[in-house]
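Asks: requesting a structural model of the entry that follows:
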Amino acid sequence: MSSEWTAAEMPDLSGSRVVVTGANSGLGFEATKAFARKGAHVVMACRSRERGREAMRGVRDEVPAASLTLGELDLADLDSVRAFAETFDEEFGALDVLCNNAGVMAIPRRETEQGYEMQFGVNHLGHFALTGLLFDALRESSGESRVVTQSSGVHENGEMDFDDIDGEDGYDEWEAYAQSKLSNLLFAYELQRRLDSGGIDEVTSVGCHPGYAATNLQRRGPEMSGSKLRLAAMRVANAVVAQSAEMGSLPMLYAATADDVEGGDYVGPTGLMGMRGYPGKVESSDLSHDEDDARRLWDLSEDRTGVAFER
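Replies: Reported below is the predicted structural model:
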């Protein structure tokens, strides 16, 4: 693969079905355009139907022939996750690529509809449930299907606090975010191990991260906490350090389509400190490969979501 891989190198995706969570803005919006340009039918999974419809218009402004479906998905509500998966199964039956992309970052403590800490609930539990509920559809793909789970370089600061996973005894917004992003990789790698042990070679699980990309993600935490200083700092950092959302989407697109990607790979920018640059295979933290933590997280996730992966 080229050291300067771009979305133009993606293969023809005509006839394939792709789900992108958080498709209405940022990385998800850019990825949706790229998938659509290559002929895929993209299901844009968005929490807000209004913002989703606006994003669909934006995609079609740039890709007039885009084949799109809008799906309502609130990852903070497991009932919504189930409803989305049921609707997808009814309409499509088979799935070629699932991009677990949506997320929240460093927000004040909030809880999901089922009472779990919001960052862990949205970033990990919602996507764990979604993947499990769409697992049969992934296996119905006519070729290899891929589950691409979006993590972050911040996962390197993360530790799993199973004694206080919801931050009830002490909450730090950045520690909670790092834990949720570490959870993403523990899940991605454990899923691949379970696929391997079950002899399921038609589904591949891959992790990725976007580096530092300028999106709305950085703005929400400061806005929710009412911190004008943090908001100003984020704006400066986005302007000076960050790469574009289009560049930030490349690791996810590479993980989803490049022919040299294997199960258990981790894809991210290969430039300045992993924050910028073209995508390639990179290394994640030692803790992300902790198989005991991964199994413990898997059991906890099944218990909380009520979703068990069929083998």
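
Asks: in which helix or strand would I find the spatially closest residue to Asn157 that is not a sequence neighbour?
Replies: Leaving aside its chain neighbours, Asn157 sits nearest to Ala178 (4.3 Å; criterion: C-beta to C-beta, 6 or more residues apart in numbering). From N, CA and C alone the C-beta is placed, and that goes for glycine too. Per DSSP states H and E, Ala178 falls inside helix 173-197.

Asks: which helices and strands does that helix pack with?
Replies: helix 118-119, helix 127-133, strand 145-150, strand 203-208, helix 291-305 (3 or more C-beta pairs under 8 Å, 6 or more residues apart in numbering; DSSP states H and E).

Asks: closest one to Val43 among those?
Replies: helix 127-133 (11.5 Å; C-beta to C-beta).

Asks: any idea of the mean pLDDT in the following helix or strand past the closest one?
Replies: Counting by DSSP H and E, the next helix or strand C-terminal to helix 127-133 is helix 135-139. What helix 135-139 shows for mean pLDDT is 97.

Asks: in helix 135-139, what counts as buried?
Replies: For helix 135-139, a neighbour-count test (16 or more other C-beta atoms under 10 Å) marks 135, 137-138 as buried.

Asks: just name the closest of those to Ala294, please.
Replies: Phe135 (17.5 Å).

Asks: ok, now which ones touch that closest one?
Replies: Neighbour list for Phe135: 203, 309-310 [criterion: C-beta atoms under 8 Å, 6 or more residues apart in numbering].

Asks: skipping adjacent residues, who's closest to Tyr254 in space?
Replies: Pro279 (4.1 Å).

Asks: return the distance of that neighbour relative to Gly263.
Replies: 17 Å (C-beta to C-beta, to the nearest Å).

Asks: okay, those two: which has more neighbours?
Replies: Pro279 (29 against 20; other C-beta atoms under 10 Å).

Asks: would you confirm that that one contacts Tyr266?
Replies: No: counting by C-beta atoms under 8 Å, Pro279 stays clear of Tyr266, with 10.8 Å between them.

Asks: report the contact partners of Glu62.
Replies: Glu62 touches Lys33, counting by C-beta under 8 Å, 6+ apart.

Asks: give the bridge partners for the residue nearest to Tyr254, please.
Replies: Assessed by DSSP bridges, Pro279 has beta-bridge partners Pro269.

Asks: contacts only, for it.
Replies: Pro279 neighbours (C-beta under 8 Å, 6+ apart): 5, 208, 250-251, 253-255, 267-270.

Asks: adding neighbour count, write the residues you listed out as JSON lines.
Replies: Converted to JSON lines, these look like this (neighbours: other C-beta atoms under 10 Å):
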{"residue": "Trp5", "neighbour count": "19"}
{"residue": "Cys208", "neighbour count": "33"}
{"residue": "Leu250", "neighbour count": "31"}
{"residue": "Pro251", "neighbour count": "32"}
{"residue": "Leu253", "neighbour count": "26"}
{"residue": "Tyr254", "neighbour count": "27"}
{"residue": "Ala255", "neighbour count": "29"}
{"residue": "Val267", "neighbour count": "26"}
{"residue": "Gly268", "neighbour count": "28"}
{"residue": "Pro269", "neighbour count": "26"}
{"residue": "Thr270", "neighbour count": "18"}
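
Asks: show me which pair in these is furthest apart.
Replies: Across those (C-beta to C-beta), the longest gap, 14.6 Å, separates Leu253 and Thr270.

Asks: now for Pro279 and Tyr266: what residues contact both?
Replies: Cys208.

Asks: which residues of the stretch 101-250 of the chain score low on pLDDT?
Replies: 216-241 (pLDDT under 70).

Asks: cutoff 50 now
Replies: Within the stretch 101-250 of the chain, the stretches with pLDDT under 50 are 218, 230-231, 233, 236-237, 239-240.

Asks: circling back to that earlier point, from Val261, how far off is the residue nearest to Tyr254?
Replies: From Pro279 to Val261 the distance is 10 Å (C-beta to C-beta).

Asks: do a quick rundown of the strands in the stretch 1-150 of the chain.
Replies: 17-21, 41-46, 67-72, 97-100, 145-150 (DSSP state E, counting those that start in this stretch).

Asks: can I get those in TSV with distance to Leu186 and mean neighbour count?
Replies: Formatted as TSV, the strands of the stretch 1-150 of the chain follow (distance: least, C-beta to C-beta, whole Å; neighbours: other C-beta atoms under 10 Å):
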stretch	distance to Leu186	mean neighbour count
strand 17-21	19	27
strand 41-46	22	26
strand 67-72	27	17
strand 97-100	13	29
strand 145-150	10	26
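
Asks: compare those and give me the one nearest His127.
Replies: strand 97-100 (3.9 Å).

Asks: and the closest one, which strands flank it?
Replies: Assessed with DSSP bridges, strand 97-100 is paired to strand 17-21 (parallel), strand 145-150 (parallel).

Asks: mind putting those into a markdown table with distance to Pro108?
Replies: Formatted as a markdown table, the strands paired with strand 97-100 follow (distance: least, C-beta to C-beta, whole Å):
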| stretch | distance to Pro108 |
| --- | --- |
| strand 17-21 | 22 |
| strand 145-150 | 22 |
